[in-house]
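Participant: Sequence plus the predicted model coming up.
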Amino acid sequence: MKAYDHTQRGWLQAVMLISAGACTAGGWVNRSEPPVFELLAVLAGVFFVLSWAFGSLTVCDEGARLAVRFGPLPLFRKRIPYAEMTGAEPCRTSFWAGWGIHQTRRGWLWNIAGREAVAISTRKGSTLVGTDDVQGLLTFLKTKIPATAEKKAP
């Protein structure tokens, strides 16, 4: 049994499925116009795949590391070894930081919804993990971050 396993659902999947449906409908209406039909068919496929790739964000313990992955189609994932962690603290992302996976001024952001996150510091930088379970994740990480790293953290 895993010590920590939490999945947060996002609304982005619904938006992408609606977009896929709109592209499919647009392609059907324009089926006699080959370039338009083909473009809309490709876009519908891209939106459909992305809807399943960004439907949720799961954060879980994998023994020696923390796994962060979008899903249910797990195309995008990150693993952070506990031995490399030097600290963890709650934070709030800016409205402009948004959702998804991208670099921010505070580190890499992995977020599916909302603005609450946990900033995980490592020797290589920091990762912001969006979550609707900030206290649960922080409590768990405090048990996994090496004691020597916690003493060095300000």
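Facilitator: Yes, it's here. Residues are numbered from 1 along each chain as shown.
Participant: Give the bridge partners for residue 80, please.
Facilitator: residue 66 (DSSP bridges).
Participant: In contact with residue 60, which residues are there?
Facilitator: Residues in contact with residue 60, defined by Cβ atoms under 8 Å, 6 or more residues apart in numbering, are 2, 4-6, 66-67. (Glycine included, C-beta is placed from N, CA and C.)
Participant: Please apply the same query to residue 6.
Facilitator: 58-60, 131, 133, 136-137.
Participant: pLDDT averaged over the longest helix along the chain - what is it?
Facilitator: Within the chain, and with DSSP state H defining each element, the longest helix by residue count is helix 34-53. Per-residue pLDDT over helix 34-53 has a mean of 92.
Participant: Stretch 12-25 now?
Facilitator: Confidence for stretch 12-25, expressed as mean pLDDT, is 91.
Participant: What residues sit buried inside it?
Facilitator: Buried residues in stretch 12-25, defined by neighbour count with 16 or more other Cβ atoms under 10 Å: 12-13, 16-17, 19-20, 23-24.
Participant: quick one: which of the contacts of residue 6 sit in strands?
Facilitator: Members of the contacts of residue 6 lying in strands (criterion: DSSP state E): 58-60.
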